[in-house]
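Undergrad: I need the structure of the sequence given here:
(chains A, B, C, D, E, F, G, H, I and J)
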10 protein chains.
Amino acid sequence: MSSSYEGRQKHIRTLKTPEIEVWENQYADREYVVDLTTDEFTCICPKTGLPDFATIHIQYKPMKVCIELKSFKMYLLFYREVGIFHEHLVNKLLDDLVKCCRPRCMKIEVIMKPRGGIATTVSAEYPQKRK
Amino acid sequence: MSSSYEGRQKHIRTLKTPEIEVWENQYADREYVVDLTTDEFTCICPKTGLPDFATIHIQYKPMKVCIELKSFKMYLLFYREVGIFHEHLVNKLLDDLVKCCRPRCMKIEVIMKPRGGIATTVSAEYPQKRK
Amino acid sequence: MSSSYEGRQKHIRTLKTPEIEVWENQYADREYVVDLTTDEFTCICPKTGLPDFATIHIQYKPMKVCIELKSFKMYLLFYREVGIFHEHLVNKLLDDLVKCCRPRCMKIEVIMKPRGGIATTVSAEYPQKRK
Amino acid sequence: MSSSYEGRQKHIRTLKTPEIEVWENQYADREYVVDLTTDEFTCICPKTGLPDFATIHIQYKPMKVCIELKSFKMYLLFYREVGIFHEHLVNKLLDDLVKCCRPRCMKIEVIMKPRGGIATTVSAEYPQKRK
Amino acid sequence: MSSSYEGRQKHIRTLKTPEIEVWENQYADREYVVDLTTDEFTCICPKTGLPDFATIHIQYKPMKVCIELKSFKMYLLFYREVGIFHEHLVNKLLDDLVKCCRPRCMKIEVIMKPRGGIATTVSAEYPQKRK
Amino acid sequence: MSSSYEGRQKHIRTLKTPEIEVWENQYADREYVVDLTTDEFTCICPKTGLPDFATIHIQYKPMKVCIELKSFKMYLLFYREVGIFHEHLVNKLLDDLVKCCRPRCMKIEVIMKPRGGIATTVSAEYPQKRK
Amino acid sequence: MSSSYEGRQKHIRTLKTPEIEVWENQYADREYVVDLTTDEFTCICPKTGLPDFATIHIQYKPMKVCIELKSFKMYLLFYREVGIFHEHLVNKLLDDLVKCCRPRCMKIEVIMKPRGGIATTVSAEYPQKRK
Amino acid sequence: MSSSYEGRQKHIRTLKTPEIEVWENQYADREYVVDLTTDEFTCICPKTGLPDFATIHIQYKPMKVCIELKSFKMYLLFYREVGIFHEHLVNKLLDDLVKCCRPRCMKIEVIMKPRGGIATTVSAEYPQKRK
Amino acid sequence: MSSSYEGRQKHIRTLKTPEIEVWENQYADREYVVDLTTDEFTCICPKTGLPDFATIHIQYKPMKVCIELKSFKMYLLFYREVGIFHEHLVNKLLDDLVKCCRPRCMKIEVIMKPRGGIATTVSAEYPQKRK
Amino acid sequence: MSSSYEGRQKHIRTLKTPEIEVWENQYADREYVVDLTTDEFTCICPKTGLPDFATIHIQYKPMKVCIELKSFKMYLLFYREVGIFHEHLVNKLLDDLVKCCRPRCMKIEVIMKPRGGIATTVSAEYPQKRK
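TA: Just a heads-up that it's a prediction; the model follows:
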């Protein structure tokens, strides 16, 4: 079973994911911050085909729209059957969320449950901060 | 019942809220910081008509006046019957509090109890920091 | 989709679950305690068809055999697609685990992530303690 | 305004409260424990007419039925407008919940937010343990 | 100044303290538990005449009446000017509180802030448990 | 009684407070930091005449002298009978302490116990940081 | 490599372990309790040949002798190269320690770091408590 | 240097220690509990001559007298130069304290800072509980 | 035995360590952060020949490749038999990891378990930040 | 006794302290950070002659040599008999440690156990950061 998962995750950048709904931000003229955190996320390890579990933390400054929570929850649910490396997951999430709500800025952190005694956390942000 | 709530929150920027009293700051010549925190706040979810609960954290540098706590408590009490999105709530609070006490600066953070496994925190500040 | 989940959970006592492997306990002559805890469990809410997440805590005194962890993990994985009430889940787990390893005694606790602001924990033990 | 609240709480034992729904317990033959906890409860102080906030913790052993969470949430919502002393609240909850689900036993704990620097917790159980 | 404090605490058992009000318990037929905790207590060290600070925790099962919190707060305020040893304080509190509300049982714990690197906690209960 | 308290706090800037002793700093040539923290502070609420309790945190860089702790403790003790708003208290403390030890810089934070469900923290520093 | 580990652990009860030194207990006439805890323990998983890590907690009431800590540390070091199941480890430790110091009673708890998302704790005691 | 320490600790039961003062308990007719805790204790390791550090926790029910804290602090200070095993220390403390205040009962716990990765806690009580 | 360990660690910079595998980073165009943490690390103290235990925390921004966790675990396992000072360990790890994955930047922190009452943490980063 | 302590601490800058050994840093070309923390420190209060206890935290960037921990421990042991103010202690430690290991930079923090309800922390760094 693991082979199909490995195949699937090879083209992770082009993987089609569900739409996320948005609603109109009445305070679009002000820069303010929205934090969303869930510890109810599971996807599939592309190597073993076994489930991985994670906490996901998203921080963004909305522009014209805010992320609608119910459809965001359904979006996360999509990964329940997807084989994907942690390092790729955070980048995929960032691309999808930036595309749907066009925020001033966004930062995503994915904290995976430990495997083999090693805990992995991956984070990415938009726009990129180069140093 | 939810429809009336949805209607009410559409014009949230023009919603009339109770007055907040202030008292004279004897140290108006010094820039100092006041923090107010309460974990006793409830409003109504405009989608479901069901109650939401939150912790509210306010930080400001007073100018000529300080916020009077009793009337501030009554002000918060007003939201007990109001349907309002979390993202709008923090902006409404900021507008009202800045207007009543004209501080050097103010920052508000609203930490909502989780819904559907997702915890939301929204924060805004005055004057705006643009980056 | 939820209807099929509701149907499936009606006969939860007779639902066929995967085998759990065991290995020979070299200290079967001594009463000692084994605790197993995992915060990586997910099943389906039979009402909404949406995922639920839980921490599962098992405590038992082995007799002739001990529970093999890898097959126990696969057993838990089975519930990923199963619609089941929390109150039934803990009883189903207890029946299956007692049957596979025939322990001196066993206690199971299931701590569900909150829904609608209410956190649920269910626990059961074998043999029953009546008061 | 406080006088009406005071009047209302005088006959708290006869105050009519909403129905709580139940569902059939498939494991009625086994004594097991269900814990429900919510930190989203508010009622009215009968002395001041101002809101009180509390965490409510319920533990029971179901007999033929389990408490349905959605209707339980609506039941708690009823107190949002009710003036009631903390000491009476826990007893009222116990009477109502025992009546609706006829459990083997039940214990309720209500942890109120502090007032005047004093934190109050009240707990009661069914059947009574006399010492 | 310390001498007067020492003198005053010698007859601590006969020291007259303020009345504590009570209100009628509508559930006098049920044995239930009330916990009161405050970390806002200060008295005077009878040796040095300097202030001592403490957290006070009271647990009781009410009979016909419950302790009224406002008058209880005024009662505690009385000790602000009283020189008293920690070991005597808890016994004095117990005598006064048992006398005012005639509970089924009561337990009092006084947790003093450390002095000279030593932290003192004193607790007493009514009726006495002899072993 | 509250009226006298209110009167007393009106001229808080000119209120005479006890002297704080200092001792010679042998390392006056080096910029280093001293932190003092006490959770044993009480004053009077000028509105109600009832006691308030606070934790006080002071951080300073000594110049020629350091604050002597025993006299500082006696200085704090003075407020036991003084009606003063939290926002004024921190400024009064800063003025008095800067005057007595002439530090390179100083920061004071006063963390009051919650009243009416609202916790207040006030902080000020010398010299002022304007932004 | 794993096969040799599996072979080695099959006869774990007869595996020869290092001596643990003891010293004379001057208070052998009194029943008192000694707790020893270390979070620096590692052994080998007999299935994979990879290291496992654990915290070990020992509680005993000494009779004529106490366990000498340095030799106990060397004893634990012996397991660094030994393949052994967690469930057997705690029993082996108990047999060896009871034999070396002949205590009034002893309880051992081994808390293993999680593997595959499952945390295991095993505990045993001497003499056995049968229920 | 260590040799002299080893010699000194051999006759620990007969080692002469400072007197501990007591004061009259005005509530000798009631069984109540006094807890004393200090994390400021140091003695000498009889093997290495190097300092050991510990937290000491004492719980007793006073009879006719209570332990005077200042002299108790001086008593503990005596061990600053004494070489003594942890297991003996708790017994010596118990003998001395029981002798000075003749309590209804007493329990002492000594929590030593870890050595070589092993943390030791020793506890003893009077009168002995034999099981 | 310690002499051989001391000899071995003298040329720690040239010590040959196992290869660490990498895999292709599909988001090499974005600067993002990967954190790896394990509390399952042990090496040998070069002075005493006894085991040391540590938590290792690694943070890096991947370029073309990411570190493969299984081979990284085997790499850490190599130190189980190696005598090395803590201060050298963190530098050796940094050199090896930077060489294998050529990251944009990397920071390593090694938190050793205390020895002789002293806890040591060592951290290094690439490229160096000079101030 | 206190007078001799007071005399001794008057010339604290010239007080002769034990040597601290160092060892060669093999990575002297890299700027990296070493943290040392111990909660086993005691000295004498120069006012009362009674012991004070503290946690000491040191952070430095080694140059050519690292601090040898055993001799550092013996160095700290020296203060067991020395009367010294907290504010002076941290400066004395900084002077001695900088002199012995000539680091790129160093920061020392001394966290004293509370006296009279006031907790003191003192910190200093090399080279000085003037603002």
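Undergrad: who's in contact with the closest residue to A:Phe78 other than its chain neighbours?
TA: Excluding its sequence neighbours, the residue lying closest to A:Phe78 (Cβ to Cβ, 6 or more residues apart in numbering or on different chains) is A:Pro18, at 5.2 Å. For glycine as for every other residue, the C-beta is placed from the backbone atoms N, C-alpha and C. Applying Cβ atoms under 8 Å, 6 or more residues apart in numbering or on different chains to A:Pro18 gives the contacts A:Ser71, A:Met74, A:Tyr75, A:Phe78.
Undergrad: ok, now A:Val122?
TA: A:His86, A:Glu87, A:Leu89, A:Val90, A:Glu109, A:Val110, A:Met112, I:Tyr32, I:Val33, I:Val34, I:Asp35.
Undergrad: Quick check: A:Leu15 touching A:Lys92?
TA: Yes - between A:Leu15 and A:Lys92 there is a contact under Cβ atoms under 8 Å: 7.1 Å.
Undergrad: Low-confidence stretches in chain A?
TA: For chain A, the stretches with pLDDT under 70 are A:1-10, A:130-131.
Undergrad: So A:Val98 versus A:Gln59, what's the distance?
TA: 13 Å (Cβ to Cβ, to the nearest Å).
Undergrad: And for A:Glu125?
TA: From A:Glu125 to A:Gln59 the distance is 9 Å (Cβ to Cβ).
Undergrad: overlap in contacts of these two?
TA: A:Met106, A:Lys107, A:Ile108.
Undergrad: got a winner among those for most neighbours?
TA: Neighbour counts for the shared contacts of A:Glu125 and A:Gln59, by other Cβ atoms under 10 Å in any protein chain shown, peak at A:Ile108, which reaches 24 neighbours.
Undergrad: What residues are bridge-paired with that residue?
TA: When bridges are called by DSSP bridges, A:Ile108 pairs up with A:Ile58, A:Ala124.
Undergrad: I'd assumed A:Asp96 was in contact with it.
TA: No - if you go by Cβ under 8 Å, A:Ile108 and A:Asp96 don't touch, sitting 10.1 Å apart.
Undergrad: count of neighbours near A:Ile56?
TA: 20.
Undergrad: Would you mind confirming that it makes contact with A:Thr38?
TA: Yes - when contacts are counted by Cβ under 8 Å, A:Ile56 is listed as touching A:Thr38 (5.5 Å).
Undergrad: Find residues that contact each of these two.
TA: In contact with both A:Ile56 and A:Thr38: A:Leu76, using Cβ under 8 Å, 6+ apart.
Undergrad: Contacts (any at all) between chain C and whatever helix or strand A:Tyr75 lives in?
TA: Per DSSP states H and E, A:Tyr75 falls inside helix A:69-77. Yes - Helix A:69-77 is in contact with chain C by Cβ under 8 Å from any Cβ of the partner chain, via A:Lys73, A:Leu77.
Undergrad: ok, the residue nearest to A:Phe78 to chain G distance?
TA: 27 Å (Cβ to the nearest Cβ, to the nearest Å).
Undergrad: how about that residue, phi and psi?
TA: phi -60, psi 150 (degrees, to the nearest 10).
Undergrad: for the residue nearest to the spatial centre of chain A, phi and psi?
TA: Geometric centre of chain A, nearest residue: A:Leu93, 2.9 Å, by Cα atoms, centre = their mean. Main-chain torsions, A:Leu93, degrees, to the nearest 10: phi -60, psi -50.
Undergrad: next one: A:Leu89
TA: phi -50, psi -50.
Undergrad: circling back to that earlier point, which among the contacts of A:Val122 gets closest to chain F?
TA: Taking Cβ to the nearest Cβ as the measure, chain F lies nearest A:Glu109 of the contacts of A:Val122, at 28.3 Å.
Undergrad: ok, now which ones touch that closest one?
TA: A:Ile56, A:His57, A:Ile58, A:Val90, A:Thr121, A:Val122, A:Ser123.
Undergrad: Okay, the residue lying closest to the last one once chain neighbours are set aside and A:Ile58: tell me how far apart.
TA: Distances taken as Cβ to Cβ, 6+ apart place A:Glu109 nearest to A:Ser123, at 4.1 Å, with adjacent residues excluded. Going from A:Glu109 to A:Ile58 by Cβ to Cβ gives 8 Å.
Undergrad: where does the residue nearest to A:Phe78 sit relative to chain B, distance-wise?
TA: 16 Å.
Undergrad: And A:Lys61, by the same measure?
TA: 9 Å.
Undergrad: Tell me, how many residues neighbour A:Arg98?
TA: To be clear, residue A:98 is Val; Arg isn't right here. 17.
Undergrad: how far away is it from chain D?
TA: For A:Val98, the distance to chain D - Cβ to the nearest Cβ - is 33 Å.
Undergrad: Double-check that residue against A:Tyr126; I have them as touching.
TA: Yes - at 5.0 Å, A:Val98 counts as touching A:Tyr126 under the criterion of Cβ under 8 Å.
Undergrad: For chain A, which residues are neighbours of chain I?
TA: For chain A, the residues in contact with chain I (Cβ under 8 Å from any Cβ) are A:12-13, A:85, A:87-88, A:90-91, A:115-125, A:128-131.
Undergrad: Quick one: the strands in chain A, in order.
TA: Secondary structure of chain A (DSSP state E): strands located at A:22-24, A:33-44, A:51-61, A:65-67, A:105-112, A:118-126.
Undergrad: Can you give me the buried ones in the last one?
TA: The one in question is strand A:118-126. A:Ile118, A:Thr120, A:Thr121, A:Val122, A:Ser123, A:Ala124, A:Glu125, A:Tyr126 (16 or more other Cβ atoms under 10 Å in any protein chain shown).
Undergrad: ok, of those, which one's closest to A:Glu24?
TA: When the buried residues of strand A:118-126 are ranked by distance to A:Glu24 (Cβ to Cβ), A:Tyr126 comes first, at 21.3 Å.
Undergrad: contacting residues around the closest one?
TA: Taking Cβ under 8 Å, 6+ apart as the test, what A:Tyr126 contacts is A:Leu94, A:Val98, A:Pro103, A:Cys105, A:Met106, A:Lys107.
Undergrad: if we can go back for a sec, of A:Leu15 and A:Lys92, which one has the most company?
TA: A:Lys92 (22 against 16).
Undergrad: so the more buried one makes contact with A:Thr14?
TA: No - with contact defined as Cβ under 8 Å, A:Lys92 does not reach A:Thr14; the gap is 10.3 Å.
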